[in-house]
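> Predicted structure and sequence below. I'll ask about it afterward.
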Amino acid sequence: CPETPAGAVVDENGCPPPEPEPDPVADCTPPSAGEPIDLNGCKAGDAIVLRGVTFELDSARLTPNAKVILDSVADALLAQQGISAEIGGYTSSEGSESHNQALSERRAESVKTYLVGRGVDAGRLEPKGYGEASPVADNSTEDGRELNRRVELMVTSSEAPAAASAEPEAAEEAEGEAEEAPA
């Protein structure tokens, strides 16, 4: 085993314990192309650019490919019930600032609507349009503008879901049945 400094923790052979392997799901990294999204390990402040979530030209209508990606996002959100998120919509700088702002808001709302339609609780999602603010690439090229037209999922809270108690529901049901019973 390698030389161990004095006072270091050692195993039964006098060697330092191996360095722990980093947990591959504890850092909330965006998936590679074609990989499903995994929100395990995400915490408040983490953001994932939803690459491939695109819209028809100058509209908030999702493309078929965007829906496939959002299906994966919905599955990930359903698997991590304690996560709430902001859906940030961004545009390129083409068009007026006010037009881009309104378009980004409609696009963020469109993503929320789709995710809610797939079973995600609407209260966990907050759509927000940012227009042409915060570009990630040069708006003077088509490639840059394409990168700036994006949707980001920003985790706003990542708490363990509260355990629901079935007892209050059972008590309410029993009361309802008692009221319906003839006196």
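Structure's in. What do you need?
> Quick check: which ranges of the protein have low pLDDT?
Applying pLDDT under 70 to the chain flags residues 1-10, 16-27, 33, 160-183.
> which one's the longest helix in it?
Across the chain, the longest stretch assigned as helix under DSSP state H is helix 97-117.
> Show me what it is packed up against.
Judged by 3 or more CB pairs under 8 Å, 6 or more residues apart in numbering; DSSP states H and E, the packing partners of helix 97-117 are helix 64-79, strand 83-89, strand 125-129, strand 151-158. From N, CA and C alone the C-beta is placed, and that goes for glycine too.
> now, of these, which is deepest in the fold?
Mean neighbour counts were taken over these using mean count of other CB atoms under 10 Å, and the top value, a mean of 23, falls to strand 83-89.
> helices and strands around that one, which ones?
Contacts defined by 3+ CB pairs under 8 Å, 6+ apart place strand 83-89 against helix 97-117, strand 125-129, strand 151-158.
> if you take the average position of this structure, which residue is closest to it?
Leu153 (4.4 Å; CA atoms, centre = their mean).
> Settle this for me: it is touching Arg51, isn't it.
No: using CB atoms under 8 Å as the test, Leu153 is too far from Arg51 to be in contact (11.2 Å).
> wait, isn't Glu97 in contact with Tyr130?
No: Glu97 lies out of contact with Tyr130 (CB under 8 Å); the separation is 11.3 Å.
> residues near Cys28, how many?
Cys28 has 19 neighbouring residues, counting by other CB atoms under 10 Å.
> Tell me the secondary structure of the residue lying closest to it once chain neighbours are set aside, please.
Once flanking residues are discounted, Cys28 sits nearest to Cys42: 3.7 Å by CB to CB, 6 or more residues apart in numbering. Three-state assignment for Cys42 (DSSP: H, G, I helix; E, B strand; the rest coil): coil.
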